[in-house]
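**Student:** Structure of the sequence below:
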Amino acid sequence: MSDTENTYDIFVIGGGINGCGIARDAAGRGLSVALAEMNDLASATSSASTKLFHGGLRYLEFFEFRLVQEALQERETLLKAMPHISWPMRFVLPYHKDMRFDSETPTSKLLTLFMPWMKGRRPAWLIRLGLFLYDNLGGRKILPGTKTVDLVNGPEGAPLDDRFAKAYEYSDCWVQDSRLVVLNARDAEARGAKIMTRTKVTSARREGDIWVITTEDVNSEAKQEIRAKMIVNAGGPWVMDVIQGVAGINSSENVRLVRGSHIVTKRLYDHDKCYFFQGEDGRIIFSIPYEQDYTLIGTTDADHSSFEEKPACSDEERDYLLAFANNYFTQNLSTEDVVWTYSGVRPLYNDGASSATAATRDYVLRVNDEGGAPILNVFGGKITTYRRLAESALEKIGDYFPNLPEKWTAGVTLAGGDFDVAGVADLQAKIKSTYPFLSDQNAQRLLRTYGTEVFDIFGDAQNAEALGEDFGAGITTAELNWARDKEWVQTAEDFLWRRTKLGLRLTADQQGRISDFLKSTVTAA
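**Tutor:** Numbers count the residues shown, from 1 in each chain. Reported below is the predicted structural model:
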């Protein structure tokens, strides 16, 4: 049947991590699902994160214990399901007696009340208490616990200012955020969902207990009407526009748009650990080994005025991050050291917090069915808890679809992740032995992008020439064809800045060649 005749159970608006995670979970429970994303998958917030699967150590200062516990539990669940695109990382938290709280946190206010002589400083005992909770709240099994590090004699102290003599080292995880979105979309599609990119939802109206949704193909401008029993609004920064503009619903709910900006430099140190830096203003930033040869520094927290304004790292935010890092590193970073910046908008639930930093990172799910057919609106959320958010969304969806199967996604691997967390080195060795013409760096990059699907992409290729044209940085025709056919890639930007971050390594001419290739093959397809 055509979409005009067919009625889906669920129509998801938004192809970020929440939308794709919900679509995957719903399709896996037997619901018929369609998803529309007006741009590319993960084109907004979900490709602009700090790339961490983490519990959110600083959220303990806001007493967000449920959120932190859920996120800590999820780290290892997700690590097992996608060991190719996520991996463990050790975080080094240098300590100095003059470190201070954000004055707006509940913890800071309590200490100011009962220990005014501290004058806003973070005492060592409180950091140790926070790390003890962090180690134990989530039932950690794989990741090692906290330890104290000697910065004077250890390699972790080499790039840091001499005033830092000790640090606390704890565990969290890294994730390829955009790839996580794409793999969830692929799994949803494999389970029967229809995934439509470059498809804008222009209107949605209720006809009794059914939604009639009008979509427009961004490339062809072709319009289509699709019917669904329920809408899931996972519009991210556009969540209120969907509620009010697309669906025409008056709502007292609201979203707070908070911009987070990051800078990328050439690699600043030799080891593979992340730094957790605490600032004089009470904020924190991370310095993270990134894409083998770079260092990622972020993030800022600033209110963002409108979903219509494309987020970008301002000069002020860039300089703030540079000054923050320079307070720790011996190397004095300047604007010339910044090779790339990116910025994303977090659509946080507006809880009335006094600052962007203090606004809750927890997710809020609200169903509106006052006018007939229900719509589930998704506010906030963290990439770490996307799977649990999807489960919570299905609980609410289940009120309208009785007898839904039980939750199922915990521990179910995503494409390419069907190997053990401890088996990364063995898989890389297998890739190298199967394709000896690959460099070590490219073999690692391919493993951390595709996992076991490397063998599906390259097949029985005996040499580099069998993979087609070499576009630079190890990119070949074989990989681009896979990305186009399996991962909804239409443009060079899709591939170079979302499916991968290889735009960092290519010249403008090389990027232009990839753009021309995709334009010709996508049009032909």
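**Student:** Residue 234 versus the nearest residue to residue 37 once chain neighbours are set aside, what's the distance?
**Tutor:** In space, residue 37 comes closest to residue 15 once its chain neighbours are excluded; the distance is 2.7 Å by Cβ to Cβ, 6 or more residues apart in numbering. C-beta: built from backbone N, CA, C; applies to glycine. The gap separating residue 15 from residue 234 is 8 Å, by Cβ to Cβ, to the nearest Å.
**Student:** Which of the helices and strands in this protein ranks last by mean pLDDT?
**Tutor:** helix 106-114 (a mean of 67; mean pLDDT, DSSP states H and E).
**Student:** Moving along the chain from that helix, name the first helix or strand you hit.
**Tutor:** Remark: after helix 106-114, the chain's next helix or strand is helix 124-136, criterion DSSP states H and E.
**Student:** any residues touching that following helix, and which ones?
**Tutor:** With contacts defined as Cβ atoms under 8 Å, 6 or more residues apart in numbering, helix 124-136 is touched by 55, 57, 60-61, 68, 72, 93, 95, 97, 107, 111, 145-146, 168, 170.
**Student:** Please identify, among those residues, the one with the most neighbours.
**Tutor:** Counting neighbours by other Cβ atoms under 10 Å, residue 55 leads the contacts of helix 124-136 with 31 neighbours.
**Student:** for that one, helix, strand, or coil?
**Tutor:** Under DSSP: H, G, I helix; E, B strand; the rest coil, residue 55 falls in the coil class.
**Student:** what residues are up against it?
**Tutor:** Per Cβ under 8 Å, 6+ apart, neighbours of residue 55: 68, 69, 71, 72, 75, 134, 137, 138, 172, 384.
**Student:** ok, it to residue 140 distance?
**Tutor:** For residue 55, the distance to residue 140 equals 10 Å [Cβ to Cβ].
**Student:** overlap in contacts of these two?
**Tutor:** Shared contacts of residue 55 and residue 140 (Cβ under 8 Å, 6+ apart): residue 72.
**Student:** buried ones in stretch 500-516?
**Tutor:** 500, 501, 502, 503, 504, 505, 506, 510, 511, 513, 514 (16 or more other Cβ atoms under 10 Å).
**Student:** And for stretch 439-455?
**Tutor:** Neighbour-count burial for stretch 439-455 [16+ other Cβ under 10 Å]: 442-454.
**Student:** what about this structure, any weak spots by pLDDT?
**Tutor:** Along the chain, the parts satisfying pLDDT under 70 run over 1-5, 62, 98-109, 111-122, 352-361, 523-525.
**Student:** in it, which spans are helices?
**Tutor:** In the chain, the segments counted as helices under DSSP state H are 17-28, 65-81, 106-114, 124-136, 177-190, 239-241, 315-326, 386-398, 424-434, 440-450, 454-458, 477-486, 492-493, 508-524.
**Student:** What count of nearby residues applies to residue 274?
**Tutor:** Residue 274 has 24 neighbours, counted by other Cβ under 10 Å.
**Student:** Burial check on the closest residue to residue 404 other than its chain neighbours, number of neighbours?
**Tutor:** Closest residue to residue 404 apart from its sequence neighbours, by Cβ to Cβ, 6+ apart: residue 398 at 4.5 Å. If you count neighbours by other Cβ under 10 Å, residue 398 ends up with 17.
**Student:** Quick check: residue 398 vs residue 29, distance?
**Tutor:** Distance of residue 398 to residue 29, given as Cβ to Cβ: 9 Å.
**Student:** cool, residue 154 as well?
**Tutor:** 49 Å.
**Student:** Comparing those two, which residue is more hemmed in?
**Tutor:** Higher neighbour count among residue 154 and residue 29: residue 29, with 20 against 14, using other Cβ under 10 Å.
**Student:** wait, isn't the more buried one in contact with residue 394?
**Tutor:** Yes - at 6.7 Å, residue 29 counts as touching residue 394 under the criterion of Cβ atoms under 8 Å.
**Student:** Give the residues shared as contacts by the two.
**Tutor:** Common neighbours of residue 29 and residue 394, counting by Cβ under 8 Å, 6+ apart, are residue 404.
**Student:** Residue 375 is in contact with residue 365, isn't it?
**Tutor:** No - in this structure, residue 375 is not within contact of residue 365 by Cβ under 8 Å, at 11.2 Å.
**Student:** Name the nearest residue to residue 391, sequence neighbours excluded.
**Tutor:** residue 407 (4.9 Å).
**Student:** What residues does that neighbour make contact with?
**Tutor:** The contact partners of residue 407, by Cβ under 8 Å, 6+ apart, come to 25, 391, 394.
**Student:** any idea how far residue 394 is from it?
**Tutor:** Separation of residue 407 from residue 394 (Cβ to Cβ) stands at 7 Å.
**Student:** Overlap of the contact sets of the two?
**Tutor:** Counting by Cβ under 8 Å, 6+ apart, the residues touching both residue 407 and residue 394 are residue 25.
**Student:** what's the closest non-adjacent residue to the residue nearest the centre of the chain?
**Tutor:** In the chain, the residue lying closest to the centroid (Cα atoms, centre = their mean) is residue 177, at 3.7 Å. Excluding its sequence neighbours, the residue lying closest to residue 177 (Cβ to Cβ, 6+ apart) is residue 49, at 4.7 Å.
**Student:** Just read off the phi/psi values of the one you found.
**Tutor:** Note on residue 49: its backbone torsions stand at phi -80, psi -180 [degrees, to the nearest 10].
**Student:** burial of it, as a residue count?
**Tutor:** Counted with other Cβ under 10 Å, residues neighbouring residue 49 total 24.
**Student:** Who are the contact partners of it?
**Tutor:** 177, 260, 344, 383.
**Student:** can I assume the first one is in contact with residue 41?
**Tutor:** Looking back up the chat, that one is residue 177. No - if you go by Cβ under 8 Å, residue 177 and residue 41 don't touch, sitting 11.2 Å apart.
**Student:** picking that back up, most neighbours among the contacts of residue 55, which one is it?
**Tutor:** Neighbour count (other Cβ under 10 Å) singles out residue 384 as the most crowded of the contacts of residue 55, with 28 neighbours.
**Student:** close enough to count as contact, that one and residue 51?
**Tutor:** No - the criterion here is Cβ under 8 Å, and residue 384 misses it with residue 51 at 11.0 Å.
**Student:** check contacts around residue 411.
**Tutor:** With Cβ under 8 Å, 6+ apart, residue 411 has these contacts: 77, 80, 81.
**Student:** Residue 249 too?
**Tutor:** Contacts for residue 249 (Cβ under 8 Å, 6+ apart) come out as 243, 368, 371, 375.
**Student:** can the residues you listed go into TSV with extra columns for neighbour count?
**Tutor:** Below are these laid out as TSV (neighbours: other Cβ atoms under 10 Å):
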residue	neighbour count
243	22
368	18
371	13
375	27
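**Student:** List the ones among those residues that fall in strands.
**Tutor:** If you go by DSSP state E, these have 368, 375 in strands.
**Student:** out of the contacts of residue 249, what pair is the most spread apart?
**Tutor:** 243 and 371 (12.0 Å; Cβ to Cβ).
**Student:** Next, count neighbours for residue 47.
**Tutor:** By the criterion of other Cβ under 10 Å, residue 47 has 24 neighbours.
**Student:** what's the closest non-adjacent residue to it?
**Tutor:** residue 178 (4.3 Å).
**Student:** Surely the one you found and residue 44 touch.
**Tutor:** No - at 10.7 Å, residue 178 and residue 44 do not qualify as touching, with contact defined as Cβ under 8 Å.
**Student:** between those two, which one's more packed in?
**Tutor:** Neighbour totals were compared for residue 178 and residue 44, and residue 178 leads with 27 against 23 (other Cβ under 10 Å).
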